[in-house]
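Trainee: 3D model of this:
(chains A and B)
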Amino acid sequence: MADTQSQSNNPDELYRIRHSAAHIMAAAILEMFPDAKLAIGPPIKDGFYYDFDLPRPISTDDFGQLEGRMTQLIKQDVPFEHEEWPKAKAREFFKDQPYKLELIEGIEDETVSIYKSGPLVDLCAGPHVESSSACENFKLLKVAGAYWRGDENKPMLQRIYGTAWSTKKELKHYLHTLEEAKRRDHRKMGKQLELFGFHEMSPGSIFWKPRGWTAYRQLKNYFREIEAEQGYEEICNPSFYHEDLFEQSGHLEHYKDSMFTMDVHGQTYCLKPMNCPDTMLYFKSKKRSYRELPLRVAEFGHLHRNELPGALGGATRVRQFVQDDAHIFLTKEQIFDEIGMLLEMIDATYGLFGMEYEVEISTRPDDFMGAVELWDEAEEGLKEAMKEAGKPFTINEGDGAFYGPKIDFQVLDCLGRSWQCATIQLDFQLPLRFELGYTGADNEEKTPIVIHRAIAGSLERFFAILVEHLAGVFPTWMAPVQAMVVPITDEQNDYAWDVADTFKKAGIRVEVDQRSEKMGYKIHEAETRKIPYMLVVGGREEEAGTVALRTYREGRRGTVPVEEVRDEIVDLIKNRTLDVDVEISALATQGEGDTGKDMAERGY
RNA sequence: GCCCUCAUAGCUCAGUGGUAGAGCACUUCCAUGGUAAGGAAGGGGUCAUCGGUUCAAAUCCGAUUGAGGGCUCCA
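Mentor: Residues are numbered from 1 along each chain as shown, chains lettered A, B, ... in the order given. Predicted structure coming up:
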């Protein structure tokens, strides 16, 4: 997506440049390590990689030499020449290249496609640039391990990632965006702003500090509020269940490895990895009528998933988290309206933070369960609701879960990275597994459909995405401290507390910095903490019952009566105004999701 | 779980065989200063943990734990 937004070229050209840059890197690697075994080297989103089997581990310290050799090849402007070889010839040529041999065996045609570029002869479907000078705007980025063919039972190769662009300006911009992403990394901001931390006594779990927890609670309250407005009821179930619950839901058989289990008096109990099964118990806790549908049940349950140690990372991949989860029990006739409501909620939520999003609908897979007519009707309901909402969407045919079709939402942050957050999944199976029923108008027992939905997904992860999107600058309604009163000298401390009192009574989170420091020092610290409102009070302000207002966003705003500032902040909170500057970058960086797997399949 | 890298004060980091340093933060004192850091003094580290090599280890080697970048996974 980034590619199409760059000014001067089309995606196809960038694809060629990156694919060719990968080849040039392979040529340079062969110069450095003549015994290197080459695997594959495809272009990916924003760059390229090549997988190698090398005699020793390579590190970023080797990049200088490697980039130097690449630059030499590029300066020589070697042409990329395409040839078609009979398989036999290719087998002979690549006899010392086991990975290439394996690839050749996988090709069905009688001939294989070969590209020559300077010293490198590579098995490759192409396409490439005319000659190597087109790849001059490149940079190597990182090394990583990667399994051959992505299979954990196959050998671990060394992957070198790089980026390449058609102009120096684009390369520079991209590298700058990477820097920016690093600068606003939620782990860094979380530490700097004292929002949250981690501790090795509980790897993969977030330790919320007062400031972060305050902001987090505002976010959670927002979800509570919109859910209450839309007729949801909230429950709170245990975290800890006998394994039979997950036996019944079907989770145990597929996801046992990801669940924390323990022995309790000879019985096996598990920490719940999701809220669905226990919400089913709630539905079944009494006799239900069609009059209750759609029944919307929210639960902010604490979920635990036993992620592999190597898979943990910051707040985005944790072992313990909370989802803004809800389950809606309804009839198939109610799907259309319900989806419409959800789309509005999702739109409103992302709008709060100035985030864009893309939508994908996934339809019936081959191994589906349930009645075809039910699937067809449900999918139609989803599509109609999307059209009604006027939102463009793409369809992933056959990509739905076996239990029902789904809509996924990809949020785009201000650096152009995309994150899978909201999801709406229809489920025809869980109600059957739990033998859910309600009494219809005709006094017959019927089975409801369940919608699983989340808007933020994991609140922890969504919070982290927000921190990076906003660069740690929360809108006033979410800010841990919304206003800091700064008395100029100790003389004004009493007045400062009076001002703070006025704010507190209006529900504003306010603090007084009454340390005997110079006001410049206090302002500096308030700015560093990104506190939206700074209220300086000196002798003049005390006399007049005013404050000298300074905001994080606008700087000095002059003298304003206390009540006026109070009302302004109250307004921002009530409306949840986005009073921060969110600069949207045109260029994307590497977000999650698109690791180039699909491209790797296209052109080796 | 697998590959690579990393771990020194609360934070950011210097210190590559000879008994541990800086800046910020913290404490105390001076200064009461009008919009992004006033000055001085002081406290604080079994150099992640365990083991090995060595006369001597923060420094070299191994293991463990945790973190980072990827791979696999992500209901």
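Trainee: which element is the most centrally placed residue in chain A on?
Mentor: Among the residues of chain A, the one closest to the centroid is A:Trp419, at 3.0 Å (CA atoms, centre = their mean). Element membership for A:Trp419 (DSSP states H and E) is strand A:418-427.
Trainee: got the CA coordinates for that strand in PDB?
Mentor: Provided in PDB are the C-alpha atoms of strand A:418-427 (Å, rounded to 0.1, in the frame of the first residue of the first chain):
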ATOM      1  CA  SER A 418      -1.700  -1.600   9.400                       C
ATOM      2  CA  TRP A 419      -2.900  -3.500  12.500                       C
ATOM      3  CA  GLN A 420      -5.700  -6.100  12.700                       C
ATOM      4  CA  CYS A 421      -7.900  -4.800  15.500                       C
ATOM      5  CA  ALA A 422     -11.700  -5.100  15.200                       C
ATOM      6  CA  THR A 423     -13.300  -8.400  14.200                       C
ATOM      7  CA  ILE A 424     -16.900  -9.500  13.700                       C
ATOM      8  CA  GLN A 425     -17.300 -13.300  13.500                       C
ATOM      9  CA  LEU A 426     -20.500 -15.100  13.000                       C
ATOM     10  CA  ASP A 427     -20.600 -18.500  14.700                       C
END
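Trainee: quickly run through the sheet partners of that strand, with directions.
Mentor: Strand pairing for strand A:418-427, using DSSP bridges, gives strand A:406-412 (antiparallel), strand A:449-458 (antiparallel).
Trainee: show me how far it is from its chain's centre.
Mentor: For strand A:418-427, the separation from the chain centroid amounts to 11 Å (computed by CA atoms, centre = their mean, to the nearest Å).
Trainee: hang on, the earlier thing: how much space between the residue nearest to the centre of chain A and A:Tyr403?
Mentor: Separation of A:Trp419 from A:Tyr403 (CB to CB, to the nearest Å): 24 Å. For glycine as for every other residue, the C-beta is placed from the backbone atoms N, C-alpha and C.
Trainee: would you check how far apart the nearest residue to A:Asn137 once chain neighbours are set aside and A:Phe48 are?
Mentor: Nearest residue to A:Asn137, sequence neighbours excluded (CB to CB, 6 or more residues apart in numbering): A:Leu171, at 4.2 Å. A:Leu171 sits 13 Å away from A:Phe48, going by CB to CB.
Trainee: which neighbours do those two share?
Mentor: By CB atoms under 8 Å, 6 or more residues apart in numbering, A:Leu171 and A:Phe48 have these common neighbours: A:163-164.
Trainee: okay, these two: which has more neighbours?
Mentor: Shown here are A:Leu171 and A:Phe48; by other CB atoms under 10 Å, A:Phe48 has more neighbours (30 against 17).
Trainee: doesn't that one fall inside a helix?
Mentor: No: the assignment for A:Phe48, made by DSSP: H, G, I helix; E, B strand; the rest coil, is strand rather than a helix.
Trainee: thinking A:Gln492 is in contact with A:Val536, fair?
Mentor: No: A:Gln492 is not in contact with A:Val536 according to CB atoms under 8 Å; the separation is 9.3 Å.
Trainee: roughly how far apart are the residue lying closest to the residue nearest to the centre of chain A once chain neighbours are set aside and A:Asp324?
Mentor: Using CB to CB, 6+ apart and skipping residues adjacent in sequence, the residue nearest A:Trp419 is A:Val411, 4.9 Å away. Counting by CB to CB, the gap from A:Val411 to A:Asp324 is 14 Å.
Trainee: any regions of chain A where pLDDT drops low?
Mentor: Where chain A drops to pLDDT under 70, the residues are A:1-11, A:584-604.
Trainee: gap between stretch A:569-583 and the chain center?
Mentor: Distance of stretch A:569-583 from its chain centroid, counting by CA atoms, centre = their mean, is 23 Å.
Trainee: which residues are in contact with that stretch?
Mentor: A:222, A:352-354, A:414, A:469-470, A:473-477, A:482-483, A:503, A:506-508, A:532-533, A:553.
Trainee: can you give me the end-to-end distance of it?
Mentor: Stretch A:569-583 has an end-to-end distance of 23 Å (criterion: CA to CA, to the nearest Å).
Trainee: that stretch vs RNA strand B: in contact?
Mentor: No: judged by CB under 7 Å from any atom of the strand, stretch A:569-583 and RNA strand B are separated, with a smallest distance of 12.3 Å.
Trainee: again with stretch A:361-373
Mentor: No: Stretch A:361-373 stays clear of RNA strand B (CB under 7 Å from any atom of the strand), getting no nearer than 11.5 Å.
Trainee: how long is that stretch end to end?
Mentor: End-to-end for stretch A:361-373, by CA to CA: 18 Å.
Trainee: so what's the residue lying closest to A:Tyr403 once chain neighbours are set aside up against?
Mentor: In space, A:Tyr403 comes closest to A:Gln429 once its chain neighbours are excluded; the distance is 3.9 Å by CB to CB, 6+ apart. Neighbour list for A:Gln429: A:250, A:369-370, A:402-404 [criterion: CB under 8 Å, 6+ apart].
Trainee: do you know how far A:Gln429 is from RNA strand B?
Mentor: Computed as CB to the nearest atom of the strand, to the nearest Å, the A:Gln429 to RNA strand B distance reads 11 Å.
Trainee: neighbours of the residue of the stretch 351-500 of chain A found nearest RNA strand B, how many?
Mentor: Across the stretch 351-500 of chain A, no residue is closer to RNA strand B than A:Thr489, which sits at 3.0 Å (CB to the nearest atom of the strand). Residues within reach of A:Thr489, counting by other CB under 10 Å, total 12.
Trainee: run a quick check on it versus A:Glu541, I expect a contact.
Mentor: No: using CB under 8 Å, A:Thr489 is not in contact with A:Glu541, being 11.9 Å away.
Trainee: list the buried ones in the strand holding A:Trp419?
Mentor: In terms of neighbour count (16 or more other CB atoms under 10 Å), strand A:418-427 has its buried residues at A:418-419, A:421-427.
Trainee: does A:Asp490 touch A:Glu517 like I think?
Mentor: No: proximity of A:Asp490 to A:Glu517 does not meet the contact threshold set by CB under 8 Å, at 10.4 Å.
Trainee: contacts only, for the residue of the stretch 351-500 of chain A closest to RNA strand B.
Mentor: Contact analysis of A:Thr489 by CB under 8 Å, 6+ apart lists A:Gly538.
Trainee: if we can go back for a sec, tally of neighbours for the residue nearest to A:Trp419?
Mentor: Residue neighbour count, defined by other CB under 10 Å, stands at 25 for A:Val411.
Trainee: stretch A:547-560 and RNA strand B in contact?
Mentor: Yes: for stretch A:547-560, a contact with RNA strand B is found by CB under 7 Å from any atom of the strand, at A:548, A:550, A:555-556, A:559.
Trainee: run the chain-centre distance for that stretch.
Mentor: The answer for stretch A:547-560 is 35 Å, by CA atoms, centre = their mean.
Trainee: for the stretch 401-550 of chain A, which segments count as helices?
Mentor: Along the stretch 401-550 of chain A, counting by DSSP state H, counting those that start in this stretch, helices occupy A:430-433, A:459-470, A:493-505, A:519-528, A:539-544.
Trainee: which of the ones you listed sits most buried?
Mentor: Counting by mean count of other CB atoms under 10 Å, helix A:459-470 has the highest mean neighbour count of these, with a mean of 24.
Trainee: tell me what that one is packed against?
Mentor: Helix A:459-470 sits against helix A:186-192, helix A:210-229, strand A:320-330, strand A:418-427, with contacts defined as 3 or more CB pairs under 8 Å, 6 or more residues apart in numbering; DSSP states H and E.
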